[in-house]
Each structure stands twice: as C-alpha cells, then as structure tokens.
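>>> sequence below, structure please.
(one chain, ligands or ions: 2)
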Amino acid sequence: MFDNLSDKLQRIFKNLRGEGRLTAANMEAALREIRVALLEADVNFRVVKQLIEQIKEKAMGEEVLSALSPSQQVIAIVRDELVKILGSHESKLRFANEPPSVVLMVGLQGSGKTTTTGKLARWLSKNGHIPLMVSVDVYRPAAREQLRVIAREVNLPIYAGLPEETTPADLARSARREATQTGRDVLLVDTAGRLHIDDQLMTELQQLRELLVPVEILFIADAMTGQDAVKSAGEFHKRLGISGVILTKMDGDARGGGALSIRQVTGQPLKFVGTGEKFDALEVFHPDRVASRILGMGDVLSFIEKAEEAIDKKQAVEMQRKLLENDFTLEDFRDQIRQIRKLGPLESLLGMMPNMGILKDLKNVKIDEKEITHVVAIIDSMTPHERANHMIINGSRRRRIAKGSGTSVQEVNQLLKQYSQARKMMKSFSGGFLGKKLGKMKLPVF
Ligand SMILES: Nc1nc2c(ncn2[C@@H]2O[C@H](COP(=O)(O)OP(=O)(O)OP(=O)(O)O)[C@@H](O)[C@H]2O)c(=O)[nH]1
Ligand SMILES: [Mg+2]
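Ligands and ions are numbered 1, 2, ... in the order given. Model (predicted):
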C-alpha cells in the first residue's frame, strides 16, 4: 500500500534537495506535483485541496525561515499535515465500564466483516481480553457457519445459538448473556452485509444498537473500492452513527487513498487496517507511522512491534541495538534466521523497513526451509571465534566447516556472502542509507 504515492513524493523531495532555498517558484512546482501524486493515489479531492492549502500556508509562512534544507522543510510540513488528516493520535478501541463491551461490526456485502471479526477476536485475546463472537447474519445460511469455522481456526469461543433463536435480536441478546455468565469482556457481533445501503438493513442495525448499546460500531470497508468505501462510511455514519472504521484488503490496494481520506470525510477515525487473509493480518492504524511510511522514512516502530510479538522483548531490543551499531555476528545471523520464521511473510516486514525503495527487489524472496536448515548447520559447525569474526574463515576453515555440516564449500561460500550482504544492509539501515544500492541479493533472510 501507498507504494506509488511514496515513490512519487520521494522523487519530489529529491528534486527539491538540489535547491538552495525554498522560493515561491520551486515550492509552487513541488506543490503541484504533490497534488497530482495525492489525486493519483485516490485521495479524496477535497482532502487533497485542504492538504495542499495547509502545506502552502505553512511553507510560505515564517515557519520556513529555519536551518533546515528546503526538502527537509517540505518533508516536515507534509508529514505534519498528513498526520493531521490521518488523525493525530491512534484511535484506540474503546471499552465499556461495565463488561461485556459490545462491538458491532457493520458494512456492505463482502467487505470483510466476518473475517475481521475473527482477526479482531484474535487481536483482543493477544492484548489481554477475553472475547466472545457471535454472528447475527440469519439471512445467508452459510454465514454463521463461516464464523464458526473462523472461531475454530483462531481457537476462540463463539456463541452458536439455539435452534429457536432465529432473529438477530434473539441471538444478540443470548450472546450477551453468555458473555456475562462466562466472564467474557468483549462481545464481537458480526452482522449481515447488503449490496447497497437499504432501509431494512439500517432498521435492523438500529434495533441492534438500541438493544446492545455497543461501545463501538465499527464500519468495515473494503479498501479496494477506494472512494466508494469512504462514501459508504459517511452514509453509514449519517444513518447509524459509527465510531470507527476498519479498512480491509489494504494488501490489495496499492494506492491507499481511502485510508488517507476516511477521517477527514467521515469525521470518524480509522482504527485498524486488514492486510491479508490470514488472521494475524490486522494492524492498529498509527497515523504518524503511516505518514512516515508514505514519505519513505520506513516504519521501524511497526517492525519492532511485529518482531516483539514473535521474539521476546529483550531480544528485540538487542536486535535493534545490533541493527543500529552494525554489531551483527554470524551467531546473530543464525538466530535471526530461526526467528524470521516466526515473523510471518517477508513482504509485510519489508514494507515496514526504512527505504523500501532500495529493498523493493527483495519483495519476491521466499524463505526456503531446507536452505534454512543448511545455514543453521553451517553456522553451528563454526567455532565461536569464527562466528564472532567471519574474516578469519579462510579456505581450510571453509573445507572443515563444510565437512562438519554435511554441506559443500560452495554452500559455505554462499552463506558467508549472504551474511556479508546482510551486514551491509544492516549498515544501510542504521544511517546514511540513502543512495546506497544493494543490488540483487538472494537471501534466506531479510
Ligand atoms: N486480501 C485480503 N482479503 C481479505 C481481507 N479481509 C477479508 N478478506 C477476504 O474478503 C472476502 C470477504 O470476507 P468476509 O469476511 O466473508 O466478508 P463479509 O463482510 O463478512 O461478507 P458478507 O457477510 O457476505 O457481507 C473473503 O474472501 C476474505 O478472505 C484482507 O484484509 N485482505
Ligand atoms: Mg459475513
């Protein structure tokens, strides 16, 4: 997501870098390009207009008279304004004082309500909550079964309903009772979707709202429908009063304009984004990090957070230190290879890394399990001394290591090459990474 926008903005900033100082003329040209880039990213035109006006006002005003270079100034201003339209703070999920907190999942057909209910239940349970799910979609025979299957997959409970419970209200009421009796603190209510916003759907949702008094009414929108998602969020808000939005299928929306327009157009915050079909593909929406990601500054924070989920905190801090200090030995390389398997799809990690531009070629690298086993065996066959200092591994040591690990000298050579490249890459992360070309790399990690 945001790939094109990010590329374009970086190019604009690069051009500004050559300018000695900001003038009305070069600023005007840059603003024109920024405007086009935003519109091409499918950002709502009113949002673009406002954004450009604000950037202009700031850039032309006294705030420009600082020690920063023109491109730094513009980046800072654009970033601030982006954060403003995205919402200055992340919008946390709200909880009721008296459990269970009821969360109503609403939206058009196929937007991802049921899938996101499963993802959110998983996210809640990972964050110290005890959720219960219920589907009140009584219209499509397979709908409730779908949530049952999902509940089994994420290994979390669902209220399945009794045969005589045939209306959404019946099911919702019983589910809430069950949540109270079994000490579940959040009840996620998956509702039926419609092709269009119609009165019947709205009446049903209004009834559920009155019955359940939900603490959150989350509008689930398909990001791939672009401005339509923004528009229907606005309509739902008018008629039902939503408290937040979850944009799904961000993995399929390269432009990302919906995410950039939701808050401004609907007045409601984007709380999460769905980034894949798997149940862990749900991310809290952090406006500041997303703004940084769009501007190509990477998203080291999201990366660390993701790493922390898989690796323990202490290790993550250590890894971060090593990344920054370039103190990255073969032993770390091996540990990282082991851990990377826990981190999930490489692509989603790479998207969060700084300077994605350079790393783009790596997007298609797949982790080969067999290769990992070999790499681990090779490193295990080294002496501690060798692991700490790869420079001493000469020809005879390489032969010994190959023999010891049941691999070949070529494989040992290849591994050492990969390791050196990884080190180089670490260095490029830790500072002065701009402009360094990494070239083609074939790595089992990163
Ligand atoms: N790639 C991708 N697919 C998603 C994401 N979220 C949902 N999907 C897919 O979108 C399709 C529809 O999802 P559902 O959860 O059934 O949508 P729904 O809103 O419950 O649909 P109805 O109940 O028919 O209104 C499924 O194939 C999901 O796997 C996402 O973040 N990324
Ligand atoms: Mg559904």
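>>> going along the chain, name the helices of the stretch 101-250 of the chain.
Assigned by DSSP state H, counting those that start in this stretch, the helices in the stretch 101-250 of the chain fall at 113-126, 141-154, 168-181, 199-212, 227-240.
>>> tell me the residues of the stretch 201-350 of the chain that contact ligand 1?
Neighbours of ligand 1 within the stretch 201-350 of the chain, by C-beta under 6 Å from any ligand atom: 248-249, 251-252, 274-277, 281. All C-beta spots, glycine's among them, are computed from the backbone N, C-alpha and C.
>>> from those, which land in strands?
248, 274 (DSSP state E).
>>> just to revisit the earlier point, reformat the helices of the stretch 101-250 of the chain as TSV; add distance to T329, mean pLDDT and mean neighbour count.
Listed next are the helices of the stretch 101-250 of the chain as TSV, based on distance: least, C-beta to C-beta, whole Å; pLDDT from 0 to 100; neighbours: other C-beta atoms under 10 Å:
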stretch	distance to T329	mean pLDDT	mean neighbour count
helix 113-126	32	97	23
helix 141-154	38	94	16
helix 168-181	50	97	18
helix 199-212	55	94	16
helix 227-240	47	91	19
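>>> want to throw those into CSV with distance to ligand 2?
Formatted as CSV, those follow (distance: least, C-beta to the ion, whole Å):
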stretch, distance to ligand 2
helix 113-126, 3
helix 141-154, 5
helix 168-181, 13
helix 199-212, 13
helix 227-240, 16
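>>> adding distance to A41, write those helices out as JSON lines.
Below are those laid out as JSON lines (distance: least, C-beta to C-beta, whole Å):
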{"stretch": "helix 113-126", "distance to A41": "23"}
{"stretch": "helix 141-154", "distance to A41": "32"}
{"stretch": "helix 168-181", "distance to A41": "38"}
{"stretch": "helix 199-212", "distance to A41": "31"}
{"stretch": "helix 227-240", "distance to A41": "11"}
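>>> ok, which of the ones you listed comes nearest K49?
Between K49 and the helices of the stretch 101-250 of the chain, the shortest gap by C-beta to C-beta is with helix 227-240, which sits at 14.5 Å.
>>> now the closest one against helix 199-212, angle please.
60 degrees (axes from the mean of the first three to the mean of the last three C-alpha atoms, to 10 degrees).
>>> ok, for the residue most central in space within the chain, nearest residue in space, not its chain neighbours?
Computing the C-alpha centroid of the chain and ranking residues by C-alpha atoms, centre = their mean puts E283 first, at 4.7 Å. Spatially, and ignoring its direct neighbours in sequence, E283 is nearest to V273 (5.4 Å; C-beta to C-beta, 6 or more residues apart in numbering).
>>> who's in contact with that neighbour?
223, 246-248, 250, 259, 282-283, 285 (C-beta atoms under 8 Å, 6 or more residues apart in numbering).
>>> what is the least confident helix or strand in this protein?
helix 356-359 (a mean of 40; mean pLDDT, DSSP states H and E).
>>> heading C-terminal from it, find the next helix or strand.
Once the chain leaves helix 356-359, the next helix or strand it forms, by DSSP states H and E, is helix 369-380.
>>> any idea how far the helix or strand following that next one is from the chain center?
Counting by DSSP H and E, the next helix or strand C-terminal to helix 369-380 is helix 384-388. Taking C-alpha atoms, centre = their mean, to the nearest Å, one finds helix 384-388 lying 37 Å from the centre of the chain it belongs to.
>>> keeping just the C-alphas, turn helix 384-388 into PDB.
Extracted in PDB, the C-alpha atoms of helix 384-388 (Å, rounded to 0.1, in the frame of the first residue of the first chain):
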ATOM      1  CA  PRO A 384      32.800 -19.400  18.500                       C
ATOM      2  CA  HIS A 385      35.800 -17.500  17.300                       C
ATOM      3  CA  GLU A 386      34.800 -17.900  13.700                       C
ATOM      4  CA  ARG A 387      31.200 -16.900  14.400                       C
ATOM      5  CA  ALA A 388      32.300 -13.700  16.100                       C
END
